[in-house]
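Novice: Fold the stuff below for me.
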Amino acid sequence: MTNETDRTRTQTHPELSLMTVGETASATGVTVRTLHHYDQIGLVCPAARSASGYRLYSSADVDRLQQVVAYRRLGLGLEQIAGLVENDDGEAPAGAEGPGRRRVLERQRELVEEKITELTRLLSALDTALEKDMDAIRLTEDEKRELFGEGFNDDYAAEAQDRWGDTEAWAESRRRTSQYTKADWEQIKAQSEENNQLIVDALDAGAAADSKQAMAAAEAARAHIDRWFYPLDGEFHRCLGDMYVQDPRFAATYEELRPGLAQYLRDAIHANADRHLP
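Specialist: Next up, the predicted model:
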């Protein structure tokens, strides 16, 4: 994966078009740590080095990085992305027009469409699993309203069962929650509300989405799902974070707490996942 010529080439910083690692991070929204990691594995290597040995990125490097970011947001692994961007680079130079470049964009669009379909279906399961699992322990209608409010909807739960009854996440959630008592559900609800307050506090404090405070809130939310429902790693959590913005129902839940909270939480989840990259 590594291009040794690019990795060992050194020169001074005479061209204004070359950007430092900090400038590249600011321009693309990728953390400096992630840029270092991509360089180490040969995924996105800087075009040059300064006389002091600092990484310097060209416009072509930034184009490649943006491709990596696009594929990463689709949930692809780094090895798979490496093959895709190498193929993309072979079809057309960065920024070039023509059939090769068009095919790159078409492939990315296809992947986005597939991911939207997948995430929309997954959202329906995650958004209603709790309600359906309540039926498994035969809570009364009054108990359901006490825990979930008047918005509890059996028809919505049935829709999720029809779509996702055969998924591993659904099966694991059913297995765990079938053993929960009403007290367990009350604890789950209380912890969920506490986690929501953590991200609200970070937003109210003006903390950046990649700050320690915001990432700690995102990690608490991830750990909550991982503990009570099904295994949830950072990459899977990215998908959930994207759904918090893309699905109007999820977005509305967070926007009622604070305007802009859905996007802020999504960004904090991504930042938290980034810091746990190998």
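Novice: Tell me which stretches of the stretch 151-278 of the chain form strands.
Specialist: For the stretch 151-278 of the chain, no strands are identified by DSSP state E, counting those that start in this stretch.
Novice: low pLDDT regions in it?
Specialist: 151-167, 170, 278 (pLDDT under 70).
Novice: Could you break the protein into its assigned domains?
Specialist: Under the assignment automatic domain parsing, the domains of the chain span 4-96, 114-275.
Novice: I'd like to know which of those domains lies nearest to Gln108.
Specialist: Taking CB to CB, domain 4-96 is the member of those nearest to Gln108, at 5.8 Å. C-beta: built from backbone N, CA, C; applies to glycine.
Novice: Cross-check the contact I'm expecting between Leu277 and Thr34.
Specialist: Yes - Leu277 is within contact range of Thr34, at 6.7 Å (criterion: CB atoms under 8 Å).
Novice: which non-adjacent residue is nearest Asp226?
Specialist: Leu232 (4.3 Å; CB to CB, 6 or more residues apart in numbering).
Novice: residues near that neighbour, how many?
Specialist: By other CB atoms under 10 Å, 18 other residues sit near Leu232.
Novice: Rebuild the domains of the chain as CSV, extending it with distance to Leu105.
Specialist: Shown next, in CSV, are those (distance: least, CB to CB, whole Å):
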stretch, distance to Leu105
domain 4-96, 10
domain 114-275, 15
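Novice: quick one, helices of the stretch 101-250 of the chain?
Specialist: 141-148, 154-164, 168-177, 182-204, 212-228, 234-246, 248-257 (DSSP state H, counting those that start in this stretch).
Novice: out of those, which comes closest to Gln80?
Specialist: Across the helices of the stretch 101-250 of the chain, closest to Gln80 is helix 234-246 (CB to CB), at 12.1 Å.
Novice: for the closest one, which positions count as buried?
Specialist: For helix 234-246, burial by neighbour count (16 or more other CB atoms under 10 Å) applies to Gly234, Phe236, His237, Arg238, Cys239, Leu240, Gly241, Asp242, Met243, Tyr244, Val245, Gln246.
Novice: show me the contacts for the third one.
Specialist: To tie it back to what came earlier, the one meant is His237. Ala218, Ala221, Arg222, Ile225, Ile269, Asn272, Ala273 (CB atoms under 8 Å, 6 or more residues apart in numbering).
Novice: Please report how far it lies from Ser178.
Specialist: The gap separating His237 from Ser178 is 24 Å, by CB to CB, to the nearest Å.
Novice: May I see the buried residues of helix 234-246 organised as JSON lines, with distance to Tyr264 added?
Specialist: Formatted as JSON lines, the buried residues of helix 234-246 follow (distance: CB to CB, whole Å):
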{"residue": "Gly234", "distance to Tyr264": "18"}
{"residue": "Phe236", "distance to Tyr264": "20"}
{"residue": "His237", "distance to Tyr264": "15"}
{"residue": "Arg238", "distance to Tyr264": "15"}
{"residue": "Cys239", "distance to Tyr264": "17"}
{"residue": "Leu240", "distance to Tyr264": "15"}
{"residue": "Gly241", "distance to Tyr264": "10"}
{"residue": "Asp242", "distance to Tyr264": "14"}
{"residue": "Met243", "distance to Tyr264": "15"}
{"residue": "Tyr244", "distance to Tyr264": "10"}
{"residue": "Val245", "distance to Tyr264": "10"}
{"residue": "Gln246", "distance to Tyr264": "15"}
